[in-house]
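1. using only what follows, build the 3D model:
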Amino acid sequence: MAAAAPRFPSDVQPPANPVFGVLPLEKLRELDGIDLFRGLMDGTFPGAPIAEGMNMWIHEAEVGRVVFAARPQRRHYNPIGSVHGGFTGTMMDSAMSCAIQSTLKKGTGYTTLEYRVHL
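-> Residues are numbered from 1 along each chain as shown. Prediction:
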């Protein structure tokens, strides 16, 4: 019998009193990827400005795996009253790219060149 997929707890909450900003490139070059995410999670480093606008945060991080959580707000709705697909796309891009970043050594980085979603 296959193990049940882990469930995301419905009561997960964003960090209390988050701070948002951009780390200087010099500081980023000093960090392994996973150390960046540990620092983001424990508040050592400010969260990304996109996280503030999206009301999202890192819920879990380990090498090769970064899990985001979010609470969509009315400002994220499309004209028909559901959460805009771009919200989901941003969450996917964040999770995929941060999972890659978590595996990188000091002094290396990444960028998303392309991702596709077929519905």
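
2. what mean pLDDT does stretch 88-100 get?
-> Stretch 88-100 carries an average pLDDT of 94.

3. quick check: which ranges of the chain have low pLDDT?
-> For the chain, applying pLDDT under 70 flags the ranges 1-11, 119.

4. so the residue nearest to Val83 when sequence neighbours are not counted is in which element?
-> Nearest non-adjacent residue to Val83, counting by Cβ to Cβ, 6 or more residues apart in numbering: Pro72, 4.5 Å away. Every C-beta, even on glycine, is put in place using the N, C-alpha and C of the backbone. Under the criterion DSSP states H and E, no helix or strand holds Pro72.

5. pull the residues that contact the lengthiest helix in the chain.
-> If you go by DSSP state H, the chain has its longest helix at helix 85-101. Residues from elsewhere that reach helix 85-101 (Cβ atoms under 8 Å, 6 or more residues apart in numbering): 33, 36-37, 50, 54, 56, 58, 61, 64-68, 70, 72, 76, 78, 109-112, 115, 117.

6. and it, which residues are buried?
-> Across helix 85-101, burial judged by 16 or more other Cβ atoms under 10 Å covers 87, 90-91, 94, 98-99, 101.

7. what's the closest of these to Pro18?
-> Checking the buried residues of helix 85-101 against Pro18 with Cβ to Cβ, the nearest one is Ser94 at 15.3 Å.

8. gap between the closest one and Ala61?
-> 12 Å (Cβ to Cβ, to the nearest Å).
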